[in-house]
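>>> take a look and give me a structure for this.
(2 chains)
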Protein chains: 2
Amino acid sequence: MKIINGIDKMKTYARIMKKENKLVGLVPTMGYLHEGHLSLIRTARKQCDTLITSIFVNPMQFGAGEDFKKYPRDIKKDEELTKDCFVDALFCPQDEDMYPEDFSTFVDVEKLTDSMEGASRPGHFRGVTTVVMKLLEIIKPDIVYFGQKDAQQAFVIRKMVRDLNMDVTTKVFPTVREEGGLAMSSRNTYLTKPERKDASVLHRSLKLAEDLILSGEKDTKKIIKKMRETISGVPSAKIDYISIRDTKFLKEVSALRGEILIAMAVFIGKTRLIDNIMLDMEKQKGVYVSGKSQ
Amino acid sequence: MKIINGIDKMKTYARIMKKENKLVGLVPTMGYLHEGHLSLIRTARKQCDTLITSIFVNPMQFGAGEDFKKYPRDIKKDEELTKDCFVDALFCPQDEDMYPEDFSTFVDVEKLTDSMEGASRPGHFRGVTTVVMKLLEIIKPDIVYFGQKDAQQAFVIRKMVRDLNMDVTTKVFPTVREEGGLAMSSRNTYLTKPERKDASVLHRSLKLAEDLILSGEKDTKKIIKKMRETISGVPSAKIDYISIRDTKFLKEVSALRGEILIAMAVFIGKTRLIDNIMLDMEKQKGVYVSGKSQ
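As a prediction, this is how the structure comes out:
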């Protein structure tokens, strides 16, 4: 596996792969890889000739009071893990190369970023779309892979790709969960042992919503109320938001039809966690479609 | 010459050219082609294997009170002119294809767009960078050509290309002028005959600034004062801005050194015109460098 730090070197490598007519896949990550990343990487490995993984803890997508500095990093372990997954090239650019001092160009997806993560974390999505745009321009992959855990991010990137007429295909794969249901996340490392137990309440409340909907509940207010009650049962938990939205415009829905996203952010102690499920209301009362790709 | 309206058709054509290893050039325009465009097109024709010209009066770069609706259009004549210049493909997309109803992604270059055209025309550069990004993603040219008349635009596009790690080379070629010095512009069509004569005062004041600098004047305030006096001599003229700036950050300069841009926007009657010159202060007292390419 090649380890590439320089942007120009990455461009050269990617251009050679293109010339050789390889189908190039990119799994962009912030490193500290867990089974969620690895399952994406393994899927991508099967689908692509050349598989590139990027590791870049993108300062631009962290807000002022957020955890950029303490975000967990373990590049040596990430190198081993990606090598074991037969990744062809690991791209680890430097902050100062990605954002030179006079950097001043930004990509914004409006509307889709007004709510949920965009509302709770101002500037977050500008950071995400700008860095993903840069990675896509550097690597020019045929396919780029995202995890459903960051559902809104995936919707936003797809919108950017469509609006700007970019050639890449965006694929989204299911959230990988720990035994208790907790969605895999590099941030789970912040949790104490009891908090980790408490954190399973996110998934539990999502499953409750799914069960309610499957058994015929149509009132989104009632569903959210019951989810809130479940979460309130855990003293360390503090809800940031719970929201039920359509999957086209990410608008809050009152009537449950088509494809819906139930998404949440909850603090467990000081750690902010997100999770979501997607349901298809048309296909047999709510088929779970989290694995849906483009 | 192929005339292409559909975005997907344009992509297909451009991808075939790439596959055939053609060096692809793009001259993006808003149509109503004049000698300024044509000289760009002729230069590009010599440098590229495949030459694409786009014509798109981009609604996003016009402000609310501006001239989008009355902007001159003559697609039939443009077709003839580009054909005569041996353009390979003319890309004329539709508004509704470029900006579908739910379009919501924007590219912004900050700082460079704070002043001059950016200050006088809020939102203008967001429109320019967004549409150019789209055109570059659709066509993926090796070289994209701009005229120096829109100097700030050229700087902004170059910054976008650099910041977002895009592969295209941006080339800028000199402003073409009418006999009296008036910079060619599609908007000159708005001028009455006497106004057209009056409009030569823009270039006259720029030449005055150049002469002053070449003869040793170093005080930018004095230079701008003399330029203002020249323009005030023409009753139909009303200055929007006159500015002397470095060509790296487009910051207003007081000391004349390195490469400088003297730029202006002036209303002649109701018509807003822009013009500029660039001077290199290092190379022998002020060599005229308007034809400088990247």
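
>>> work out for me the element residue A:83 sits within.
helix A:75-84 (DSSP states H and E).

>>> packing partners of the helix or strand just after that helix?
Counting by DSSP H and E, the next helix or strand C-terminal to helix A:75-84 is strand A:89-91. Contact partners of strand A:89-91 among helices and strands, from 3 or more CB pairs under 8 Å, 6 or more residues apart in numbering or on different chains; DSSP states H and E: strand A:2-4, helix A:7-19, strand A:50-55, helix A:75-84, helix A:124-139. Yep, even glycine has a C-beta here, placed from its N, CA and C like the rest.

>>> which phi and psi values does residue A:169 adopt?
phi -90, psi 130 (degrees, to the nearest 10).

>>> ok, the residue nearest to it when sequence neighbours are not counted to residue A:281 distance?
Distances taken as CB to CB, 6 or more residues apart in numbering or on different chains place residue A:143 nearest to residue A:169, at 4.8 Å, with adjacent residues excluded. Counting by CB to CB, to the nearest Å, the gap between residue A:143 and residue A:281 amounts to 28 Å.

>>> what segments of chain A are strands?
A:2-4, A:24-29, A:50-55, A:89-91, A:105-109, A:143-147, A:169-173, A:237-246, A:259-268, A:271-280, A:287-288 (DSSP state E).

>>> before we move on, back to that, out of the helices and strands packed on strand A:89-91, which one sits most buried?
strand A:50-55 (a mean of 26; mean count of other CB atoms under 10 Å in any protein chain shown).

>>> what residues does the stretch 101-250 of chain A put near chain B?
A:102-112, A:129-130, A:133-134, A:137-138, A:159-160, A:163-167, A:249 (CB under 8 Å from any CB of the partner chain).

>>> of the residues you listed, which count as buried by neighbour count?
A:103-109, A:111-112, A:129-130, A:133-134, A:137-138, A:159-160, A:163-166 (16 or more other CB atoms under 10 Å in any protein chain shown).

>>> could I get the contacting residues of the residue in the stretch 1-150 of chain A that chain B sits nearest to?
Residue of the stretch 1-150 of chain A nearest chain B, by CB to the nearest CB: residue A:105 (3.6 Å). Residues counted as contacts of residue A:105 (CB atoms under 8 Å, 6 or more residues apart in numbering or on different chains) are A:130, B:107, B:108, B:109, B:110, B:129, B:159, B:160, B:163, B:164.

>>> for the helices and strands packed on strand A:89-91, give me JSON lines that also has distance to residue A:30 and mean pLDDT.
Output for those, formatted as JSON lines (distance: least, CB to CB, whole Å; pLDDT from 0 to 100):
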{"stretch": "strand A:2-4", "distance to residue A:30": "17", "mean pLDDT": "98"}
{"stretch": "helix A:7-19", "distance to residue A:30": "17", "mean pLDDT": "97"}
{"stretch": "strand A:50-55", "distance to residue A:30": "7", "mean pLDDT": "98"}
{"stretch": "helix A:75-84", "distance to residue A:30": "10", "mean pLDDT": "98"}
{"stretch": "helix A:124-139", "distance to residue A:30": "10", "mean pLDDT": "98"}
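
>>> including distance to residue B:96, could the ones you listed go into a markdown table?
Shown next, in a markdown table, are those (distance: least, CB to CB, whole Å):
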| stretch | distance to residue B:96 |
| --- | --- |
| strand A:2-4 | 41 |
| helix A:7-19 | 32 |
| strand A:50-55 | 35 |
| helix A:75-84 | 44 |
| helix A:124-139 | 24 |
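
>>> looking at these, which is nearest to residue A:39?
helix A:75-84 (11.8 Å; CB to CB).

>>> burial of residue A:100, as a residue count?
By the measure other CB atoms under 10 Å in any protein chain shown, the count of residues near residue A:100 is 11.

>>> look up phi and psi at it.
Torsion angles, degrees, to the nearest 10, at residue A:100: phi -60, psi 160.

>>> give me the pLDDT for it.
The model reports residue A:100 with a pLDDT of 98.

>>> please apply the same query to the one 10 residues further on.
The confidence metric pLDDT takes the value 98 at residue A:110.

>>> on that earlier part again, state the pLDDT value of the residue of the stretch 1-150 of chain A closest to chain B.
For residue A:105, pLDDT reads 98.

>>> now do residue A:151
96.

>>> by proximity to chain B, which residue of the stretch 151-294 of chain A wins?
residue A:163 (3.5 Å).

>>> skip the chain neighbours and tell me the closest residue to that residue.
residue B:105 (3.5 Å).

>>> go on, residue A:3?
Using CB to CB, 6+ apart, the nearest residue to residue A:3 is residue A:90, at 5.0 Å.

>>> same question for residue A:61.
residue A:127 (3.0 Å).

>>> pull the contacting residues for the one you found.
Contacts of residue A:127 by CB under 8 Å, 6+ apart are A:58, A:59, A:60, A:61, A:62.

>>> again, only this time at 10 Å
Neighbouring residues of residue A:127 by CB atoms under 10 Å, 6 or more residues apart in numbering or on different chains: A:58, A:59, A:60, A:61, A:62, A:63, A:106, A:107, A:121.

>>> show the pLDDT at residue A:291.
So, for residue A:291, pLDDT stands at 38.

>>> low-confidence regions, chain A specifically.
Chain A contains residues with pLDDT under 70 at A:284-294.

>>> domains for it, by residue range?
A:2-173, A:186-288 (automatic domain parsing).

>>> most neighbours per residue, which of those domains?
It is domain A:2-173: most buried of these by mean count of other CB under 10 Å, with a mean of 19.

>>> first-to-last residue distance for that one?
25 Å (CA to CA, to the nearest Å).

>>> bridging residues for the residue of the stretch 1-150 of chain A closest to chain B?
residue B:109 (DSSP bridges).

>>> so residue A:6 touches residue A:97, yeah?
Yes - using CB atoms under 10 Å, residue A:6 makes contact with residue A:97 at a distance of 7.1 Å.

>>> shared neighbours, those two?
In contact with both residue A:6 and residue A:97: no residue, using CB under 10 Å, 6+ apart.

>>> what sits against residue A:179?
residue A:200.
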